[in-house]
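Colleague: show me the folded form of this:
(one chain, ligands or ions: 2)
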Amino acid sequence: MELSDGFLLQVNNGEQWCNRWKHPNDDSVSHRPRPTIFFITWKEGLLNRKRPFVGRCCHSCTPQSWVIIYDNVFTSLHVSVYKLVHICVSMCSCRQRGWLARRLSYVLFVMERDVNKDMFTRNVVDNVLNNSRVESAIVTVATDLDAAASLPGQEHKAISKVKQKARAFLQEMVANISPAFIRLTGWVLLRLFNGFFWSIQIHKGQLEMVKKAATEQNVPMVFLPVHKSHIDYLLITLILFCHNIKAPHIAAGNNLSIPILSTLIRKLGGFFIRRRMEETGDGKKDILYRSLLHAVKELLRQQQFLEVYLEGTRSRSGKPSTARAGMLSIVVDTMCTGSIADVLVVPVGISYDRILEGNYNSEQLGKPKKNESLWGIACGVFRMLRKNYGCVRVDFNQPFSLKVTDCRFISAFIQKNYSCCGHMRSFSRFQLSLLILKPDAQLFEGQEEEEQQQLNRELPDDLSRRQLINNLAKHVLFTANKSSAIMSTHIVACLLLYRHRQGVVLSKLDVVMRALHLLGNCVNVTSSSNRNGEFTIAPSQTVPALFELNFYSNCLFHVFISDAIIAESESDHPPDGLSSLPLSQERLIRKAAGLSHFLVNEVTVAPPCQTIYQVFHDAVTRLIQYGVLYVAEEDQEELSPSPTEEPWPKKFPEPLSWRSDEEDEDSDFGEEQRDRYLKVSVSPEHQEFFVFLQRLVSPVLEAYSGAAIFVHSLSQPMAESDYTQRLFRYLLTRTERGVAAYGESATHYLVKNTVRTFKELGVLKQRRENEVTTLELSSTFLPQANRNKLLQYILGFTLL
Ligand SMILES: CCCCCCCCCCCCCCCCCC(=O)SCCNC(=O)CCNC(=O)[C@H](O)C(C)(C)COP(=O)(O)OP(=O)(O)OC[C@H]1O[C@@H](n2cnc3c(N)ncnc32)[C@H](O)[C@@H]1OP(=O)(O)O
Ligand SMILES: O=P(O)(O)OC[C@H](O)CO
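Modeller: Numbering: from 1, shown residues only. Ligands and ions are numbered 1, 2, ... in the order given. Got it, this is the predicted structure:
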């Protein structure tokens, strides 16, 4: 687990912190002082620790990059976590110069960076317009126009009209990077960020690795970061600029295309795309726009770097949102069709101590998102200047090559699409519904079954291609998220919500004071007179505070998630949440796998190259090693699958089928057929940890059980937006009245996810009529008994 460096330190300035308790929300008290001491203490603390190098690429998916794009020298830099500003000053030649030069260090620093016009694109618009796919799209659209206007014979006129339209689209889409503007913005950002943040932390070894790959491999790089804030893309370009790495072209949602700002954005590398490829007015695909999206190919052909936010939106939960793979599919196609020899993919993790965007909480409270505007941006900058936002850490992962010989995703992709062989096995939602309704599997006879068979027939070609690229996107996002540093605020929020919800004395919670200060109103700090004046810390129980703490806590959800799901699946919910009867490991893992599939919109337990079985098996082994679980008895009999069930490891097929048969034969998993019976340790410490794990998932399960109860009220079709709003009101009322055990179960993102999951599961059926999406119960879940089974399935996990 990667910790924020702040977490490793205690800042020993008692008086300052006493003041802070007296003025917990007065940011001005703490905003300015501390850097030098903080930096030295922190650096010394780090130098004595051997910490693993964060961000190596996946050994099993990209074995060659794992070796080639790495150097042991990066490991020796593993403790060199720097403050960006320190790097700037130390790298700048002004150190050797006089007083004035030192005063002008930022100016000199940005002037010395290596950025010039020749690094960037030329003639992109014209080249794209001459591309064969674009040309044929223009002709098709022009022909349609022609026919619609009943003007046969006027093709040329129609074509030039469509071409003009395409040119206008492209001019919006294509960036026009200006080195001078980058320098100027670099200077402004260095100054601004110095005020916004205590420090911007980057790993020198990681940057060296990226730089080496960028200079030696001479192929385009694609940066794929997690998306937490609008500051993300400013930070990445700034960091690359500071290290003389070329600025990437950034795919920006057209919600940011507002006057003045759009010009600035294009000068800094942004290019605008629609976030949804919505259909044209007549319900057809907008083939012209889609073909123009392939301008990205031209960028890659001209060796440009690209930056794509796979989630397409900033995380509102602290957890990464689902990856969307359209842009990535263009990158993959560009390489597979031979337009470029290779691409290096760089997942990027970003972590903030504190939420930067003021509107997240109001969105979670059900208020609509405010559209971006210049005024909004100015207010945001002003707000940031007045507050203290702690630290930010950016982790660049090891670049990996997409080349066929290396990346197994791509070799599988090529095999499936360019030589048309093989079949993809994929877990379907249908199987999951079966898990919930197992005893009545025959219920699926009829319409849904037919739909499913149809889907299965269609699986091999386009769906498997999509699935592979989706898996690549999921893997990258998983890696980027895993490499994101855990900040002290995340740890404190998590401990307060799920370990010490009723409060804890400060001395017991051994954390940095700084985190408590940054959490501000979300925590209550009280001084108890009977405990030698010790401070007690407890989470504030107001709804906004719980939502905000939940956001921070979710940032370390991925660290515990597989253990937590095992803990959740451990019992058939006895009153204390801890079963006294030994539990079959095989049953436990099966139940955990079911839950992780059910919660697929909330958690990603493993990257697509690992089987769920493997991950949960490892989690059980880990919990046994910790002593939290112990083996009560070994089964002497080999597990023999029941006649109705497949042998376990085959039950949930691997998402990717690149493992050869030989590898499968060598694997331990095939042999793991002997069951054993597990119990939870009786030691209070272990039980406390186990309950903590269970609590981590409880708010999510509480939201889903609430949604399963609410589904009973859906007696007739309802607009999706109304349904979501009513469900949200229902959950929020439970929270406000104190009925909900976990107030954070009513966050708006959870509400939206439950609706999405129930649609995917086939509980809710959606129809689109007159541009409105309506929801109704599917025929399978029309009988109340089946809706009850859904609820019973959720309640079958431990809800503490
Ligand atoms: C030192 C100086 C400092 C300076 C600092 C300066 C900093 C820079 C400033 C400038 C920055 C500006 C702001 C940047 C903002 C970034 C953050 C964002 O905006 S985030 C928001 C913006 N970013 C994003 O949204 C990026 C992520 N989103 C995506 O990639 C989306 O998929 C989409 C937007 C491309 C399409 O939307 P979607 O509704 O999904 O559409 P469809 O499903 O219809 O698919 C379209 C096509 O893709 C295909 N396809 C799809 N999936 C697959 C697959 N699995 N497999 C294969 N193919 C797949 C599909 O077949 C189809 O192809 P075709 O049939 O037409 O040939
Ligand atoms: O989080 P969103 O949905 O406001 O989108 C943020 C993106 O950076 C803008 O395209």
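
Colleague: wait, residue 474 touches residue 608, no?
Modeller: Yes: shown here, residue 474 and residue 608 form a contact pair, counting by C-beta atoms under 8 Å, at 5.4 Å. For the C-beta atoms, the positions are set from N, CA and C on the backbone; glycine is no exception.

Colleague: ramachandran angles for residue 270?
Modeller: Dihedral angles of residue 270 (phi, psi; degrees, to the nearest 10) stand at phi -80, psi 140.

Colleague: which ones are touching the closest residue to residue 353 other than its chain neighbours?
Modeller: Closest residue to residue 353 apart from its sequence neighbours, by C-beta to C-beta, 6 or more residues apart in numbering: residue 390 at 2.8 Å. Neighbouring residues of residue 390 by C-beta atoms under 8 Å, 6 or more residues apart in numbering: 6, 197-198, 352-354, 487, 489, 514, 518.

Colleague: of those residues, which is the most crowded?
Modeller: Greatest neighbour count in these, by other C-beta atoms under 10 Å, goes to residue 489: 34 neighbours.

Colleague: quick check: which element contains that one?
Modeller: helix 488-498 (DSSP states H and E).

Colleague: just give me the neighbour total for the nearest residue to residue 317 once chain neighbours are set aside.
Modeller: Ranked by C-beta to C-beta, 6+ apart and with sequence neighbours excluded, the top spatial neighbour of residue 317 is residue 749, at 4.5 Å. Counted with other C-beta under 10 Å, residues neighbouring residue 749 total 23.

Colleague: what sits against residue 749?
Modeller: By C-beta under 8 Å, 6+ apart, the contact set of residue 749 is 316-317, 364.

Colleague: 10 Å instead?
Modeller: Counting by C-beta atoms under 10 Å, 6 or more residues apart in numbering, residue 749 touches 315-319, 321, 360, 363-364, 547, 550-551, 554, 601-602, 703.

Colleague: if we can go back for a sec, need the worst-confidence member of the contacts of residue 390.
Modeller: Minimum pLDDT for the contacts of residue 390 is recorded at residue 6 (32).

Colleague: pLDDT weak spots in the stretch 51-200 of the chain?
Modeller: For the stretch 51-200 of the chain, applying pLDDT under 70 flags the ranges 51, 72-99, 101-102, 146-154.

Colleague: element containing residue 786, please.
Modeller: Residue-wise, residue 786 maps onto helix 784-795 under DSSP H and E.

Colleague: still on that earlier bit, buried only: go through the contacts of residue 749 for me.
Modeller: Among these, those classed as buried by 16 or more other C-beta atoms under 10 Å are 315-319, 321, 360, 363-364, 547, 550-551, 554, 601-602, 703.

Colleague: and for the nearest residue to residue 705 once chain neighbours are set aside, the neighbour number?
Modeller: Spatial nearest neighbour of residue 705, excluding adjacent residues (C-beta to C-beta, 6+ apart): residue 794 at 4.6 Å. Neighbours of residue 794 under the rule other C-beta under 10 Å: 22.

Colleague: how much space separates residue 794 from residue 182?
Modeller: To residue 182, residue 794 is 51 Å away according to C-beta to C-beta, to the nearest Å.

Colleague: in terms of helices and strands, where is the spatially closest residue to residue 179 that is not a sequence neighbour?
Modeller: Closest residue in space to residue 179, ignoring its immediate chain neighbours: residue 115 at 4.5 Å, by C-beta to C-beta, 6+ apart. Following DSSP H and E, one finds residue 115 outside all helices and strands.

Colleague: wait, what's in contact with residue 115?
Modeller: Residue 115 makes contacts with 177-180, 182-183, 186, 240-241, 244-247, as judged by C-beta under 10 Å, 6+ apart.

Colleague: return the member of those nearest to residue 539.
Modeller: residue 240 (38.3 Å; C-beta to C-beta).
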